[in-house]
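> Turn this into a model:
(chains A, B, C and D)
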Amino acid sequence: MSKVGQQLYLSSSPHIHSGETTVKVMRAVLYSLVPACAVAVYFFGLSALLVLLLATVGCLATEAVCQRLMGQPVTIADGSAAITGVLLALNLPPTSPWWLTLLGAVIAIVIGKQVYGGLGSNPFNPALVARVVLLISFPVQMTTWSAPAPLGSGLDLVTTATPLGAWKNAVMLTGQAPVELQGGLTQYFLGNMPGCIGEVSALALLLGAAYLLYRRILTWHIPAAFVGSVVLLSGLFWLVNPAKYPSPVFHLLTGGLVLGAFYMATDMVTTPVSTRGMLVFGAGCGLLTVLIRLFGGYPEGVSFAILLMNAATPLIDRYLRPRTFGVQAGKG
Amino acid sequence: MCAAHDRLTEMKLKTFAGGIHPPDNKQWSAHKAIEDCPLPAELIVPLAQHIGAPAVPCVAVGQQVFKGQEIGSAKGFVSVPVHAPTSGEVVAVENRPHPWGTSLPAIVIRADGEDCWSPELEPADPGELSPEEIVEKVRQAGVVGMGGAAFPAHVKMSPPPEKQIHTLIFNGVECEPYLTADHRMMLEEPERILQGVALLQFVLGVERVVIGIEANKPDAIALLTEMCAGTPVEVIPLEVKYPQGAEKQLIAAVAGREVPSGGLPMDIGVAVHNVSTAAAISDAILDGRPLIERICTVTGPAIREPKNLRIRIGTLLSHLVDACGGLAEEPGKIVLGGPMMGFTQLGFDVPATRGTSGLLLLRHEDVPLHPEGPCIRCARCVQACPMNLLPTTIGAYARRDLISEAAEYRALDCIECGSCGYVCPAAIPLVQAIRYGKAAILAKKRKA
Amino acid sequence: MLAAILSLGFIGMIAAFALGLAAKKFAVEVDPRELAALESLPGVNCGACGFPGCAGYAKALVSGTVDLNLCPPGGADVVVKLARILGVEASAAAREIAVVVCQGDNRRAQVRYHYLGLEDCTAAQRIAGGPKTCPGGCLGLGSCQRSCPFDAIEMTADGLAVISREKCTGCRKCVAVCPRNVIRMTPYDATVHVLCNSHDKGAVVRKYCQVGCIGCHICQKTVPGAYKVDNFLATVVYEHSADADEAIAKCPTKCIRDFTTGYPDGSSLTPAVPEKPHAA
Amino acid sequence: MTDLLVILVSAIFVNNFVLARFLGICPFLGVSKKVETALGMGMAVTFVMTVATVVTWFVQYFVLIPFGIEYLQTIAFILVIASLVQLVEMVIQKVSPVLYQSLGIFLPLITTNCAVLGLAVLNIQKDYSFLEGVVFAIGAALGFTLALVLFAGLRERLELCAVPQSFRGTAIALVTAGLLSLAFMGFAGLVKG
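Residues are numbered from 1 along each chain as shown, chains lettered A, B, ... in the order given. Here you go, the predicted structure:
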């Protein structure tokens, strides 16, 4: 038999691997966002495309510069910065000025991610950090919405209010929900409504999410708990006073709920690891979202809700560990 | 057979929570009948082949020994003697490379080619033996758990009186990918297994006896079911999932009960033995023969002709490779045992021991090499962990030497099955990190 | 005005009374010497003394059952201070520092397999005894570096730990963490060391390391008394090592080194020690 | 009843003492390295805040106002609160040495803690009744504890992260506190408090 040289590998077990890698996971998430981006470009035209490109390139460039400055290997090829960029763009209005988009990209990567040590270390979702910073710092630019102008329709982007914004205004002024908002649910589902680039089309987002579920990158827990608690709580208010509070379906289809529940709240890095923890996390997001939407100062609460639950994630992880095999419930 | 397979896939199979589905790769050797490995010229019998105190040599250099003669005596209760695997001359009692990674005491025997059994070994009539006598004979025969852990079998056969065993489970799961030794034994030598089953049932006085087999071995399930018809032994097909064959997971699947953390199966009235152990017990009593050989699967993409070999304990791995037609290719990794829990070796100059269920040779391209990245908290390890632990958290604490935190997250409950490491997309050596943490926790406990 | 003085005074009286009562009722005895001892300790909580942090050591000190010189980071100053506080005779500990007695980095010493796994020497040592062929050589995975509370250990690009003479406080953490016992405590004043940790025969050492001690006795013959060779490995007899540096040039494998003239090759550390007293 | 609830919710979330009013930053940064310690600190603060509110309310309405010496409010409050904290410290040291050790030097810090003093002053400014004041105090203390525990959880997690050398310690803690405060801004306008 042949002589074995020093070319042998020795390691601890296991000696085989599933073949799944971080890069593959990130790529799959990017692929799953393609439909939402396509719909956005269809409805909002070149300005949306520009925001998407600027945000993505901005995030990649910022990450590369940060890592170069800190003398670390540049890992922008792992796709995580690109995801942050795309998600950030999807959370911006289609008419965002270029400087706003770039600023958001820098904030997301520097404050949201790299100061914590890069991939896997950030406690808050970087894209949401950037969105909230921008929302608070530049409320005008961040809440200037435009009605969709589908490609080929010849329409220009016209400034208008989002359905949630319109509802909030009406309730503040008259105490009553405007009737016409309840009507366009099918249009909302398809994405034909004003809003952030990525939050308009529930259909496209769900398509992508279905792919992620199929690839087992998403588990159902967080989205289900998120959507479920929103339906439950908003349904409760709706049943009590349908004239003032919008229906659960309205809640689901408008604003960033689908984007939030399936993409932002499922960011693995910033969410709990145990099944029970994920359910609590999702339910907490839903609860806070409805509370902020119905009673808060902001018309949309998804971003804040997720950030708040991000903050609670370490505690959830700590107190909702899975019950270890062979340990009686309630003991250790 | 086909019908049996269909029935298996239709049934809701018993299993446990968590676990993974690696490709089983048993096709390399599953259809190969057991072959006798040619007797090597020299056998190196390590004195430490089991969990517990190593045996103490009781022969001198130059002494002639018979096959089956005791050459190392047990030291203490949790220990077993070792025996000469063939007749010949003791040529050395010294440290030799051992599969555990260092040089350890071993007895080297030069075979005389006669392969002559010791005249002192005599078959016994089990009907005339008391349970205690059977246990003692099993101990003298050096029988250990043959699934890999090599825990002395007589210890599991003599539970303290307050722990009455009511369920006896035989492990024919063989959930490690690549390995087919138990599978072939169940197909080719079921009588040996069932005789051992009957003996254990008698010794422990149990009502319920179960043989658990993974559903990817429909032929073995069909055969044993047929042979057990009319006996109290029940054959239960189990879902194909790793680590179905881990003791605690097997009990959970079959008996629906959890072994308490830090406890033993006997704490909940269960005893688990491997099917090959049952066969070895049968040999020890009915033939009076000690454990000097076992079935070992030599397989993997780097071996020319994968086989299931009947090998003598103490055969060098190089000899096993030669018996399988040599190497097809330069190996990248030599693994003793299965790919999930086996140990890598530095070369082929170590002997097979009683726990050697397989020799797996991987090519360079089969070795997972992609570099470790940061944990993205994807929770795959959490979902895969059959013990419901948080592997990534324990690993992170352990490698930062935050030992009490690792202990708080129950690192000691880890069974090191490797499921977390298998699924980790960041290629973090989780099992190694947790092992490191466990060792540190135990060291700290000893100190305190 | 009067109201202000009176009312504030009244409130103050009540508070004082309540506090006085509480001070009596909830009094907790703390040995003032313990506080003083804690104050004089460096407070880095390195654990070198073997107690849980400086507070633990301070408590143990007051109990009078432990030595005063268990705090290497504090050095002689702290021993003197502690002695004054506790009213005992000071036995100043000679300063000791840790030295990695190996020069066999991955370029000069043979690596016998590709190690995959944790960047940790203890973990690697468990995989077939570690990836270095030499049974005593530095594994170069940096466990000692990570254990050092004073950032005194450098890992060279080729995987060798080198300890800075200036930064090392002699806390022995690295000594405890090294699975190969290749880090030794040496007197600070001794600057010449034999940098090898292999007891294998010369011929064997030559096969796996270019810079290992082969046990040739030349150093011992050159400077009698300053070296001793035990089981094929030379070591410096630190009590008589004044002229040990004369053997450096004679060593055939260059495994003797004077740290005042340079750290092992590949290290970026620069020797910054004043000339030796006898070298004038 | 609704008023009390509004006061409570407002004090916990909307006008969180740490994250919206930026009071009590010192213990927030100092005692947030471990969740257990943070909980202990939270309880100590809750106790001190409630008792301080009760006592200062009485001092204000039965001493300062009747004697017309409201201008001595700050001094009087500090005096009362400082003695109170001393008292708490002594009791804890006797009753739970472990808690005492982990709270360490931060217990005396409550003495001059602006959160406690700020609470007492705000109470008077807002013309709260006695009951409202107590509810406000409990809400503020719960909000403080919530922020502290959330923050401690985050910091415990940061211990396991590869934070760049220059950001380790207080720097990253401050960044995190900022982001946490940012998230709490989502509660703005939730109730008019």
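
> list the helices and strands the helix or strand harbouring A:P35 packs on?
Using DSSP states H and E, A:P35 falls within helix A:34-44. Counting contacts by 3 or more Cβ pairs under 8 Å, 6 or more residues apart in numbering or on different chains; DSSP states H and E, helix A:34-44 is packed against helix A:46-69, helix A:80-90, helix A:202-214. (Glycine included, C-beta is placed from N, CA and C.)

> Need the pLDDT of the residue of the stretch 51-200 of chain A found nearest chain C.
In the stretch 51-200 of chain A, no residue comes nearer to chain C than A:G71, which is 14.3 Å away by Cβ to the nearest Cβ. Predicted confidence (pLDDT) for A:G71: 88.

> and what of A:C196?
86.

> do the same with A:K331
Predicted confidence (pLDDT) for A:K331: 46.

> can you check A:V179 too?
Model confidence at A:V179 (pLDDT) stands at 62.

> after the longest helix anywhere in chain D comes which helix or strand?
In chain D, with assignment by DSSP state H, the single longest helix is helix D:130-158. Sequence-wise, the next helix or strand downstream of helix D:130-158 (DSSP H and E) is helix D:170-184.

> Next, count neighbours for residue 77.
Because you didn't say which chain, this covers chain A. 11 (other Cβ atoms under 10 Å in any protein chain shown).

> was after chain D, sorry
23.

> Angles on the backbone of it, please.
Note on D:F77: backbone dihedrals following degrees, to the nearest 10 are phi -60, psi -40.

> Wait, it touches D:L119, no?
No. In this structure, D:F77 is not within contact of D:L119 by Cβ atoms under 8 Å, at 9.9 Å.

> shared neighbours, those two?
By Cβ atoms under 8 Å, 6 or more residues apart in numbering or on different chains, D:F77 and D:L119 have these common neighbours: D:A52.

> So for the longest helix of chain D, mean pLDDT?
93.

> anything in it near chain B?
No. Residues of helix D:130-158 contacting chain B under Cβ under 8 Å from any Cβ of the partner chain: none, with a closest distance of 9.2 Å.

> other SSEs contacting that helix?
Using 3+ Cβ pairs under 8 Å, 6+ apart, helix D:130-158 is in contact with helix A:302-319, helix D:2-9, helix D:25-30, helix D:35-58, helix D:114-125, helix D:170-184.

> Which pLDDT value goes with B:P371?
89.

> which SS class is it?
Look at B:P371: counting by DSSP: H, G, I helix; E, B strand; the rest coil, its state is coil.

> tell me the contacts of the closest residue to chain B within the stretch 1-150 of chain C?
Closest residue of the stretch 1-150 of chain C to chain B, Cβ to the nearest Cβ: C:A128 (3.9 Å). Taking Cβ under 8 Å, 6+ apart as the contact definition, C:A128 lies against A:10, B:101-102, B:344-346, C:113.

> Now the buried members of the residues you listed.
Among these, those that count as buried by neighbour count (16 or more other Cβ atoms under 10 Å in any protein chain shown) are A:10, B:101, B:344-346, C:113.

> nearest residue to the residue sitting nearest the centre point of chain C other than its sequence neighbours?
Taking Cα atoms, centre = their mean, the centroid of chain C lies closest to C:G170, which sits 3.0 Å from it. Sequence neighbours aside, C:P72 is the residue nearest to C:G170 in space, at 3.9 Å (criterion: Cβ to Cβ, 6 or more residues apart in numbering or on different chains).

> confidence score at the one you found?
C:P72 is given a pLDDT of 75.

> Contacts only, for the residue of the stretch 201-350 of chain B found nearest chain C.
Per Cβ to the nearest Cβ, B:L346 is where the stretch 201-350 of chain B lies closest to chain C, at 4.8 Å. Contacts for B:L346 (Cβ under 8 Å, 6+ apart) come out as A:8, A:10, B:97, B:101, B:334, C:112-113, C:128.

> Repeat the analysis, applying 10 Å as the threshold.
A:4, A:6, A:8, A:10, B:97, B:99, B:101, B:334, C:112-113, C:127-129, C:131 (Cβ atoms under 10 Å, 6 or more residues apart in numbering or on different chains).

> Next step: these restricted to helices.
Using DSSP H, none of the contacts of B:L346 sit in helices.

> residue in the stretch 51-200 of chain C nearest to chain D?
C:A55 (8.1 Å).

> Right, I'll leave it there.
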